[in-house]
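# Please find the sequence and the predicted model below.
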There are 2 protein chains.
Amino acid sequence: MRISEGVEWAVHLCGVLGVVRDGYSLTAGRLAEFHDLPSDYLAKHLQALSRAGILTANRGVSGGYRLAKPARSITLLDITLAIEGSEPAFRCTEIRRQGPCAATPAACKHICAIAQAFMLAETQWRKALASVTVADIIRTAASESFDRARRQAFQDWLNNAVK
Amino acid sequence: MRISEGVEWAVHLCGVLGVVRDGYSLTAGRLAEFHDLPSDYLAKHLQALSRAGILTANRGVSGGYRLAKPARSITLLDITLAIEGSEPAFRCTEIRRQGPCAATPAACKHICAIAQAFMLAETQWRKALASVTVADIIRTAASESFDRARRQAFQDWLNNAVK
DNA sequence: ATTAACACGGATGATATCTATCCGCAATGC
DNA sequence: GCATTGCGGATAGATATCATCCGTGTTAAT
Ligand code: FES
Ligand code: FES
């Protein structure tokens, strides 16, 4: 069980887009450059975020990506589901219906206890992710891992990259 | 992100082993038969459960598997970690250290905000799974999907299969 | 109108993980 | 000895993830 690293990429880059001034955007190439990621593959993830309504894409020369809504309205859950898909991690394959003591279809009206327990756990997981927004990430990262020099370097890069 | 179906198998079969009388056991072949699973592959999972201290294995003619501890002391989390391994689903690959505005090693002393949020979510997930035991599963399943006929069929099969 | 820059999506391949099977070995009880 | 069973390594196929390439359509500047 592992979460695709595209999720990490997406969260980081939503964080970057979250500090771009309104009306400006960044291209896929620039976003890839920022964390030295494979830009073609990253583009796939950005498309997924766009389809999910998290980013807005603009084509053409001077096109690029921007957040589709305020950073405080985008949760880590939104991003995770956009990249990974929304199917639950645990899938009940109904093996209780197989074998010599198979449960009758009538006995399988409601979800089995095992699937229920795993679903509940997954709900807790989702709740936790839904309670953290991109704005939270930006705030924490800014105060914890941006010293004066890095902040300056970041601003310089951004001013040059933004369109 | 998906949980291996071996986890489902393991939970079901721990449930079966949970109602075997003390001192008796079931072979891998019998356990596979119970839900019509590929026995060689299932054996791999049973070995993992054995290594994790959830099952006790006995070799030889009259050997087989039994629970290593009472059903009420085995949680769904125990089983899941035994099958899937205990590494977290989200893995921070430290991409903040890559690219033109890379964070300095000094700024990366503590875990980044993103990884922290995902770890917290995973902790919630684990807590939920740790709060459900095999005994709980047995109790719920018995009351919800075992009518009189199936209970009888189950007992008959068990009496014949147990050693 | 032409052109350059860009996002989009399909096609394809590489790599890793999951699923499944097989076989030799070790342990156990008869 | 001998049959039965679990253990672990080796292997192979199926599926998912990671990555790249290229043709298309869109946009804005010239
Ligand atoms: S029947 Fe196996 S988890 Fe539902
Ligand atoms: S640096 Fe990316 S999640 Fe920690």
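Here it is on my side, so go on. Ligands and ions are numbered 1, 2, ... in the order given.
# Give me the distance between A:Ser159 and A:Arg72.
For residue A:159 the amino acid is Asn, not Ser. For A:Asn159, the distance to A:Arg72 under the criterion CB to CB, to the nearest Å works out to 24 Å. C-beta here means a position set from N, CA and C on the backbone, and glycine is covered the same way.
# Can you pick out the residue with more neighbours from the two?
Neighbours per residue, other CB atoms under 10 Å in any protein chain shown: of A:Asn159 and A:Arg72, the larger number sits with A:Arg72, 13 against 10.
# ok, and the closest residue to A:Val19 other than its chain neighbours, which helix or strand is that part of?
Using CB to CB, 6 or more residues apart in numbering or on different chains and skipping residues adjacent in sequence, the residue nearest A:Val19 is A:Ile138, 6.3 Å away. A:Ile138 belongs to helix A:134-145 when assigned by DSSP states H and E.
# tell me the strands in chain A, going along the chain?
Secondary structure of chain A, counting by DSSP state E: strands at A:55-58, A:64-67.
# Of these, give the one that comes closest to B:Leu120.
Nearest to B:Leu120 among these is strand A:64-67; the distance by CB to CB comes to 23.7 Å.
# For that closest one, give the mean pLDDT please.
Average pLDDT, strand A:64-67: 96.
# does any part of that strand sit near DNA strand C?
Yes - residues of strand A:64-67 are located near DNA strand C by CB under 7 Å from any atom of the strand, namely A:Gly64, A:Tyr65.
# do the same with stretch A:76-93
No - for a cut-off given as CB under 7 Å from any atom of the strand, stretch A:76-93 has no contacts with DNA strand C; the smallest distance is 9.2 Å.
# Now that stretch: buried residues?
Buried residues in stretch A:76-93, defined by neighbour count with 16 or more other CB atoms under 10 Å in any protein chain shown: A:76-84, A:88-90, A:92.
# Now do the end-to-end distance for that stretch.
End-to-end span of stretch A:76-93 (CA to CA, to the nearest Å): 28 Å.
# before we move on, the earlier item: what's around the residue nearest to A:Val19, how many residues?
The local packing count at A:Ile138 equals 19, with neighbours defined by other CB under 10 Å.
# again with the one 5 residues further on
Using other CB under 10 Å, A:Ser143 is surrounded by 9 other residues.
# and the gap between A:Ile3 and A:Ala43?
To A:Ala43, A:Ile3 is 20 Å away according to CB to CB.
# Can you check the pLDDT for whatever residue of chain A ends up closest to ligand 2?
For chain A, the nearest residue to ligand 2 under the criterion CB to the nearest ligand atom is A:Glu8, separated by 4.7 Å. Looking at A:Glu8, its pLDDT stands at 98.
# Report the contact partners of it.
Under the criterion of CB atoms under 8 Å, 6 or more residues apart in numbering or on different chains, the neighbours of A:Glu8 are B:Phe90, B:Arg91, B:Cys92, B:Thr93, B:Ile95, B:Ile114.
# can you name the two of those that are farthest apart?
Within the contacts of A:Glu8, two members stand farthest from each other by CB to CB: B:Phe90 and B:Ile95, at 13.2 Å.
# Now the spatially most distant residue from the centre of chain A. Nearest residue, chain neighbours left out?
Note on chain A: the largest separation between a C-alpha and the mean C-alpha position, by CA atoms, centre = their mean, falls on A:Pro100 (43.9 Å). Setting aside the residues directly before and after it, A:Pro100 is nearest to B:Trp157 in space (CB to CB, 6+ apart), at 5.3 Å.
# Quick one: residues contacting A:Asn58.
Contacts for A:Asn58 were tallied using CB under 8 Å, 6+ apart; they are A:Ser25, A:Gly64, A:Tyr65, A:Arg66.
# same deal with A:Thr133?
The neighbourhood of A:Thr133, defined by CB under 8 Å, 6+ apart, consists of A:Ala71, A:Arg72, A:Ser73, A:Ile74, A:Thr75, A:Leu76.
# What parts of chain A come near ligand 1?
Where chain A comes near ligand 1, counting by CB under 6 Å from any ligand atom, the residues are A:Cys92, A:Glu94, A:Ile95, A:Arg96, A:Cys112, A:Ile114, A:Ala115.
# Reformat the contacts of A:Glu8 as TSV; add pLDDT and distance to B:Ala48.
Listed next are the contacts of A:Glu8 as TSV, based on pLDDT from 0 to 100; distance: CB to CB, whole Å:
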residue	pLDDT	distance to B:Ala48
B:Phe90	97	23
B:Arg91	96	21
B:Cys92	96	26
B:Thr93	96	27
B:Ile95	96	32
B:Ile114	97	31
